[in-house]
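Novice: Return atomic coordinates for the entry below.
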Amino acid sequence: MKIFSSKYSPEETEQKRPPVERKASSGDAAAGQKPDSAKTVVKPKTQTSRPTAKSTIQPSRPVSTSRSAAQKPKSAAPAAKSASAAKPAAKPAAKPAQTSKPAAKPVQKPRPATRPAAQTAKLQVPAELTNTEKLKAQTATSTKAVRSTVSKAAAAQTVRGERTMAESAALRREELRKKQAEDAAAVITEYQPRVKAGFVDTNYDPEPLPDPVKKKKKRRKKKKKKKKSVGGRLLRLVVALLVIVALYFTAVFSSIPFIAKWRTIYIQTAMATMRHQWLATYFIPHSVIDKVMMDLEESRQSQVGVNTLWDNPVLDGDSDEIRNPSLKDTKGMSKAEIKFFNTFWEIDVSSMLEYVRSHPEAVANGWDNIDINESALTSNGTTIRTVQSEQVLAVDAKEGILIIRESGTGYRGVLVVCKDPSRLSLQPASTIGSVGQVVGEIGSAHNGILAMNGSGFEDAGGVGNGGTLVGWAMCNGQTFGQHMLPGYKRLELHEDNLIYIRDAGEDVAWDCTDAVEFSPAMIIDGNIVVDDRSGFSDLQPRACIGQSQYGEILMLLVEGRLPTVSLGISVPDCAVILSDHKCAQAMNLDGGTSAMVWYKGDYIMKSSNPVLQAGRTLPNAFVYESID
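Specialist: Predicted coordinates for the structure are as follows:
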């Protein structure tokens, strides 16, 4: 905006400014006074230089057009006095404009862009005026223009300040749309090479950005949700407690067969060890626990009088009878090969031949000297399978040992088959009576190639050291301990290399060489004598020993109490596994952390206590001696 500049100094301009006529007010007319010939004018700022574009031009304060006494000549003094008597005294002259901002004025409404024709005509300077009159008229016009500009700016600022929330939200939505368009362009630019190569969907449509106004509405709706009442919470709590109580009474007292079975398993599993009995006694009434334990004792008593008789055992390993059901075509086989498959009748012929073709070194010394061992805990076993599709872990033809992986729902273990029963014996720990030894120490001390745990031992508080055995035992004719109560069984090894299972209260046979007492008997004369109804259904790490109808020694050991590996197995399930391998006699031994098997210097099963990798110290162990 241009500001009018004068060639006169501010003082001269003030003196030469012509008076501006104004209309007489109604007050003047009423008083009978004539209108003043002079009109209030705006005094320009003392600043003579042109202001910059950033500076704000404020109108100067009005100054009276009448001259002060100092500016008038002395001859005019009497006239001025007479004039002042006729009309009110004029206001003193305005002070020069200060550099600071004037006091804030009330906001005025913006004037229209175009002025009325009458008002525009007043601002025009007549051509017949003198230079001085023109200067005064132009100064007045410039002052009004400045005031108009300031009023417009103030009005615009007021309008901006009164912008509504809806307009602000509209602006934000517009900004979000622009941002969305930029993001879409960036995505298209980034994926353009892949679009050309055919890897990206060309119909890609970026997800629209959320509307902040809608977000606020959603938040408000969420806040408006009513808080749950205290009564409703109490009702839900009561219902939950009633459901829990109902489930508890169902689990503890129900006679539904499925529930009763698993309740019995839980109680027997907890009560089987001193350390875990609280899992039953804390949550289940003693009356229920006592009933389960009484049923278990009745199952033991039901085996009294059930003893081994042996009905026509087959002990001749050199028989020409074909025992292996998978050995159907012997054409092209050597006698040594046929003998191998008859001795290890459990092995599937086709899988064994396939293994030999891929591992020719296995038969480098002949079929009589095959020695394959993949039974270590760090090994994955072989590709050889049994006739029942079980994995073979190890086979030693010279020593007559076959190790099979046994696994099922919730359990894992090994079945060891020893072909020569005459090399099995029960050997005591060298420190028996004071402290026991681990299985591997007992086995290696008696020229053993394989060993497993034998008798149980006193374990008060779960901290027994295996020095004092429970029950009665015989090791190579030497006896230890005292006989158990009726209901417990005794496994005897006789001079005829057969296993006999008898009551613990009966007299020991004269030809017995080794013996151990425990319970229950599992298989007698080929018949399973335990089942889920007779008890012993708790899931535990197990150790069982028996003999097949061919005279082979069977050792079944199952890991347990290892949630990620094996939980354990019941005694009836162990009896089923042994029966599938033509077991004629079998008895359960001390399990838990005592269950352990050692083969050729390595433990081939995991202890239920990871800290005790070799198992617990024991009073004795079954040892299968090496042929050398």
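
Novice: I'd assumed residue 605 was in contact with residue 375.
Specialist: No. Using CB atoms under 8 Å as the test, residue 375 is too far from residue 605 to be in contact (9.4 Å). To be clear about C-beta, it is placed using only N, CA and C from the backbone, and glycine gets the same treatment.

Novice: Spell out which residues are contacts of both of those two.
Specialist: Common neighbours of residue 375 and residue 605 (criterion: CB atoms under 8 Å, 6 or more residues apart in numbering): residue 414.

Novice: got the end-to-end distance for stretch 588-597?
Specialist: For stretch 588-597, the first-to-last residue distance is 15 Å (CA to CA, to the nearest Å).

Novice: Please work out the average pLDDT along that stretch.
Specialist: Taken as a whole, stretch 588-597 carries a mean pLDDT of 95.

Novice: do stretch 300-313 as well
Specialist: 85.

Novice: cool, stretch 244-256 as well?
Specialist: Stretch 244-256 shows an average pLDDT of 89 in the prediction.

Novice: what do you get for stretch 462-482?
Specialist: 93.

Novice: For it, measure first residue to last.
Specialist: End-to-end distance of stretch 462-482 (CA to CA): 21 Å.

Novice: buried residues in it?
Specialist: Neighbour-count burial for stretch 462-482 flags 464-475, 480-481 (criterion: 16 or more other CB atoms under 10 Å).

Novice: how about those residues in TSV, adding secondary structure?
Specialist: As requested, the buried residues of stretch 462-482 are exported to TSV (DSSP: H, G, I helix; E, B strand; the rest coil):
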residue	secondary structure
464	coil
465	coil
466	coil
467	coil
468	coil
469	strand
470	strand
471	coil
472	strand
473	strand
474	strand
475	strand
480	strand
481	strand
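
Novice: Domain parsing of the chain, as residue ranges.
Specialist: 10-66+105-161, 231-301, 335-625 (automatic domain parsing).

Novice: To residue 313, which of these lies closest?
Specialist: Comparing these by their distance to residue 313 (CB to CB), the top pick is domain 335-625, with 6.1 Å.

Novice: re the thing from before, which of the domains of the chain comes out lowest on mean pLDDT?
Specialist: Looking at the domains of the chain, the bottom one is domain 10-66+105-161 with a mean of 52.

Novice: how far does stretch 365-375 stretch from start to finish?
Specialist: Using CA to CA, the end-to-end distance of stretch 365-375 comes to 21 Å.

Novice: right, and residue 494 touches residue 510 too?
Specialist: No. Residue 494 is beyond contact range of residue 510, at 9.3 Å (criterion: CB under 8 Å).

Novice: More neighbours: those two, which one.
Specialist: More neighbours sit around residue 494 than around the other of residue 494 and residue 510, counting by other CB atoms under 10 Å; the figures are 16 against 7.

Novice: Around the nearest residue to the more buried one once chain neighbours are set aside, how many other residues sit close by?
Specialist: Leaving aside its sequence neighbours, residue 494 sits nearest to residue 511 (CB to CB, 6 or more residues apart in numbering; 4.8 Å). Applying other CB under 10 Å, we find 12 residues neighbouring residue 511.

Novice: now swap in the one 4 residues further on and tell me
Specialist: Residues within reach of residue 515, counting by other CB under 10 Å, total 24.

Novice: cool, the one 3 residues further on as well?
Specialist: Neighbour count of residue 518, defined by other CB under 10 Å: 25.

Novice: mind listing what it touches?
Specialist: 455, 456, 471, 484, 488, 489, 491, 587, 588, 589, 590.

Novice: What of residue 626?
Specialist: By CB under 8 Å, 6+ apart, residue 626 lies in contact with 399, 447, 448, 449.

Novice: Which of those residues are buried, as a PyMOL select command?
Specialist: This is how PyMOL selects the buried members of the contacts of residue 626, with burial counted by 16+ other CB under 10 Å:
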select buried, resi 399+448+449
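
Novice: Identify the farthest-apart pair in the contacts of residue 626.
Specialist: It's 399 and 447 that sit farthest apart of the contacts of residue 626, by CB to CB, at 12.1 Å.

Novice: Which strand residues bridge residue 598?
Specialist: residue 451, residue 603 (DSSP bridges).

Novice: how much space is there between it and residue 409?
Specialist: Separation of residue 598 from residue 409 (CB to CB, to the nearest Å): 27 Å.

Novice: which one of the two has more residues nearby?
Specialist: It is residue 598, of residue 598 and residue 409, that has more neighbours when counted by other CB under 10 Å, with 26 against 7.

Novice: need the contact list for that one.
Specialist: 439, 440, 443, 448, 450, 451, 452, 604, 614.

Novice: and with 6 Å instead?
Specialist: The neighbourhood of residue 598, defined by CB atoms under 6 Å, 6 or more residues apart in numbering, consists of 439, 440, 443, 451.

Novice: what's the closest non-adjacent residue to the third one?
Specialist: Yep, that's residue 443 we're talking about. Leaving aside its chain neighbours, residue 443 sits nearest to residue 451 (3.0 Å; criterion: CB to CB, 6+ apart).

Novice: looking at it, the one you found is touching residue 439, isn't it?
Specialist: Yes. With contact defined as CB atoms under 6 Å, residue 451 counts as touching residue 439 (5.0 Å).

Novice: what do these two both touch?
Specialist: Jointly contacting residue 451 and residue 439 under the rule CB under 6 Å, 6+ apart are 598, 621.

Novice: Compare these two (neighbour count), which wins?
Specialist: Per other CB under 10 Å, whichever of residue 451 and residue 439 has more neighbours is residue 439, with 30 against 27.
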